[in-house]
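**Q** A structural model of the following input is requested.
(chains A, B and C)
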Amino acid sequence: MQIQVGIITISDRASKGLYDDLGGPALKKAAAGYGWTLLADALVPDEKRDIQRAIREHIARGCSLVLTTGGTGVALRDVTPEAVREIALRELPGFGEVMRMESLKITKNAILSRNLAAVVDQALVLCLPGKPSGAVECLGFVVGAIPHCVEVLQEVPTSC
Amino acid sequence: MQIQVGIITISDRASKGLYDDLGGPALKKAAAGYGWTLLADALVPDEKRDIQRAIREHIARGCSLVLTTGGTGVALRDVTPEAVREIALRELPGFGEVMRMESLKITKNAILSRNLAAVVDQALVLCLPGKPSGAVECLGFVVGAIPHCVEVLQEVPTSC
Amino acid sequence: MQIQVGIITISDRASKGLYDDLGGPALKKAAAGYGWTLLADALVPDEKRDIQRAIREHIARGCSLVLTTGGTGVALRDVTPEAVREIALRELPGFGEVMRMESLKITKNAILSRNLAAVVDQALVLCLPGKPSGAVECLGFVVGAIPHCVEVLQEVPTSC
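**A** Predicted coordinates:
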């Protein structure tokens, strides 16, 4: 099964050019390693509307999987979970649980993470941390279930 | 303490007779093994109203514990968590967490499960997966806390 | 970094003088052991308004961390999570997950706990169980991430 992926970096500073975006490139490399096709990418500030618009655009372009990096921390500017929840059909709580549980073996501050996964339209949206190594690690903790999840979501609903 | 249990199979296909209901019988056997009394059972399609009506009827008939099997997956037809949340007084997040965590030791797709437990009126409603072996396994992961939970919920509230 | 802590005991019976408040003193001792400064304390019944008022007062007095003990169980009188959620900016799900996961190694009924952490204004509110030993244990399971969390929340937001 071919997975069409979109990757969105969410960062006030990177979107202003104050920082280089390192999370997006790190995820692109990881996605390529998993054999996924990169269909779209974006760099947006920590604003709910920008995040929501980018996700919707990626899905409209055919992404069945959208990865975001950034905005899942505890700081009040971190609004990625709130942005995604507002447009999600449903959350998949296991993803956040596993990412936190596994990250806790690496750093005690992982308990603060608000990483999550949700279904938006028929796509899986996975919200990863902003730190490039953390984003790639967290993706690795849950990647095993992504192909099946994307496949189920892309099935055309039938009346039976 | 005697536990009066109701068991609801939630499945479009089984409710149309296209499949045999295997989840319900598997849970009945498990419940008997735990010494619980089966008070009611039902087979309903993946429709929120049918699910909610069946749960309420089971509670009205005296069930202090309602087990459901089916409708907790990631497919868009799976609406058991949404149905239960709409009529629940509160959720008990530990049940879903433990069921996912333990199931992950068996299958990597367990991360997708949206199993949950909630309080409806004074009953504990436990939503298990549709696969018969998964339903029985998940019940086994959390059964140790069920008697105390049911006992606390059935206590008549006092002003003190 | 200096942490200013408030400690709130939530108990119908202790607030009526029918029981001694043991949870509050146990947490004060633990907080002192962590080097935190006790700024305020309170003893309130299991009523949402009283709980919310006490938390807001503690924050207004300068607490960057508020610990509560009690009201996180499964009984219908236990309303601490609901009270906190209504005034919270956001929840931090990792705290509840870790407290349950670690407590499960001690008692199987830990699955029933609805312990949680949330951000209220710029403070971290951590809701611990009512049993004194459980409250102190649960605090210990998550204490490692508290200083960083409080520090991030107390940062003055900047436009950049």
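**Q** Packing partners of the lengthiest helix in chain A?
**A** Scanning chain A for the helix with the most residues, using DSSP state H, yields helix A:48-60. With contacts defined as 3 or more Cβ pairs under 8 Å, 6 or more residues apart in numbering or on different chains; DSSP states H and E, helix A:48-60 has these neighbours: strand A:4-10, strand A:37-44, strand A:65-69, helix A:80-87, strand A:116-120, strand A:123-128. Every residue, glycine included, has its C-beta placed from N, CA and C.
**Q** contact partners of the last one?
**A** Read it as strand A:123-128. The contact list for strand A:123-128, computed with Cβ atoms under 8 Å, 6 or more residues apart in numbering or on different chains, reads A:23, A:27, A:55, A:58-59, A:63-69, A:71-72, A:80-81, A:84, A:88, A:92, A:95, A:99, A:114-119, A:134-135, A:138-139, A:142, A:146, A:149-150, A:153.
**Q** Filter those down to the buried ones, PyMOL style.
**A** Only the buried entries of the contacts of strand A:123-128 go into this PyMOL selection, using 16 or more other Cβ atoms under 10 Å in any protein chain shown:
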select buried, chain A and resi 23+27+55+58+59+63+64+65+66+67+68+69+71+72+80+81+84+88+92+95+99+114+115+116+117+118+119+134+135+138+139+142+146+149+150+153
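**Q** got the CA positions of the helix or strand of chain A at the bottom of the mean pLDDT ranking in CSV?
**A** Within chain A, no helix or strand scores below helix A:12-15, which has a mean of 93 by mean pLDDT, DSSP states H and E. The C-alpha coordinates for helix A:12-15 follow below in CSV (Å, rounded to 0.1, in the frame of the first residue of the first chain):
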residue,chain,number,x,y,z
ASP,A,12,6.4,30.8,15.2
ARG,A,13,10.1,31.3,14.9
ALA,A,14,10.8,29.0,12.0
SER,A,15,7.9,30.5,10.0
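**Q** got the buried residues for that helix?
**A** For helix A:12-15, by 16+ other Cβ under 10 Å, it's A:D12, A:A14, A:S15.
**Q** Close to chain B: what parts of chain A are there?
**A** Applying Cβ under 8 Å from any Cβ of the partner chain, we find that chain A lies next to chain B at A:89-90, A:92-95, A:97-98, A:101, A:119, A:122, A:142, A:144-145, A:148-149, A:152-153, A:155, A:157, A:160.
**Q** Filter the residues you listed down to just the buried residues.
**A** A:90, A:92-95, A:97-98, A:101, A:119, A:122, A:142, A:145, A:148-149, A:152-153.
**Q** now for those residues, which pair is the farthest apart?
**A** Distance extremes for those: the farthest pair is A:M101 and A:Q122 at 27.8 Å, using Cβ to Cβ.
**Q** Who are the packing partners of the least confident helix or strand of chain A?
**A** Using 3+ Cβ pairs under 8 Å, 6+ apart: helix A:12-15 touches strand A:37-44.
**Q** what mean pLDDT does the strand it packs on have?
**A** Across strand A:37-44, the average pLDDT comes to 98.
**Q** do that strand and chain C meet at all?
**A** No. With Cβ under 8 Å from any Cβ as the criterion, chain C is not reached by strand A:37-44; the gap is at least 15.7 Å.
**Q** That strand: which residues count as buried?
**A** For strand A:37-44, a neighbour-count test (16+ other Cβ under 10 Å) marks A:L39, A:A40, A:D41, A:A42, A:L43, A:V44 as buried.
**Q** give me every residue that touches the first one.
**A** If you count contacts by Cβ under 8 Å, 6+ apart, A:L39 has them with A:Q4, A:V5, A:G6, A:H58, A:R61, A:G62, A:C63.
**Q** got the residues of chain A near chain C?
**A** Taking Cβ under 8 Å from any Cβ as the criterion, chain A approaches chain C at residues A:12-13, A:16, A:18, A:73-77, A:81-82, A:96-97, A:100-101, A:104, A:108-114.
**Q** Inside helices: which ones of the residues you listed?
**A** Per DSSP H, helices hold the following members of the residues of chain A next to chain C: A:D12, A:R13, A:P81, A:E82, A:G96, A:E97, A:R100, A:M101.
**Q** Show the contacting residues for A:L139.
**A** For A:L139, the contact set (Cβ under 8 Å, 6+ apart) comprises A:L27, A:A30, A:L67, A:L126, A:L128.
**Q** what helix or strand does it sit in?
**A** Per DSSP states H and E, A:L139 falls inside helix A:132-142.
**Q** Go ahead and name everything in contact with the helix or strand following that helix.
**A** Counting by DSSP H and E, the element after helix A:132-142 in chain order, helix or strand, is helix A:146-154. Residues from elsewhere that reach helix A:146-154 (Cβ under 8 Å, 6+ apart): A:1, A:3, A:64-65, A:92, A:119, A:122-124, A:126, B:73-76, B:109, B:112.
**Q** now swap in stretch A:13-32 and tell me
**A** Identification of contacts with stretch A:13-32 by Cβ under 8 Å, 6+ apart yields A:5, A:7-9, A:11, A:38, A:41, A:43-45, A:67, A:69-70, A:128, A:130-133, A:135-136, A:139-140, C:160.
**Q** one more time with 7 Å, if that's ok
**A** Applying Cβ atoms under 7 Å, 6 or more residues apart in numbering or on different chains, the contact partners of stretch A:13-32 are A:5, A:7, A:9, A:11, A:38, A:41, A:43-45, A:67, A:69-70, A:130, A:132, A:135-136, A:139, C:160.
**Q** leaving aside the residues next to it on the chain, what's closest to A:R100?
**A** C:G94 (4.6 Å; Cβ to Cβ, 6 or more residues apart in numbering or on different chains).
**Q** How about the contacts made by that neighbour?
**A** Contacts of C:G94 by Cβ under 7 Å, 6+ apart are A:R100, A:A110, A:I111, A:L112, A:S113.
**Q** Find the pair from those residues with maximum spatial separation.
**A** Distances among the contacts of C:G94 were taken as Cβ to Cβ; the most separated pair is A:R100 and A:L112, at 8.9 Å.
**Q** could you measure A:G71 against chain B, distance?
**A** 22 Å (Cβ to the nearest Cβ, to the nearest Å).
**Q** Can you name the element that comes right after the least confident helix or strand of chain A?
**A** helix A:23-33.
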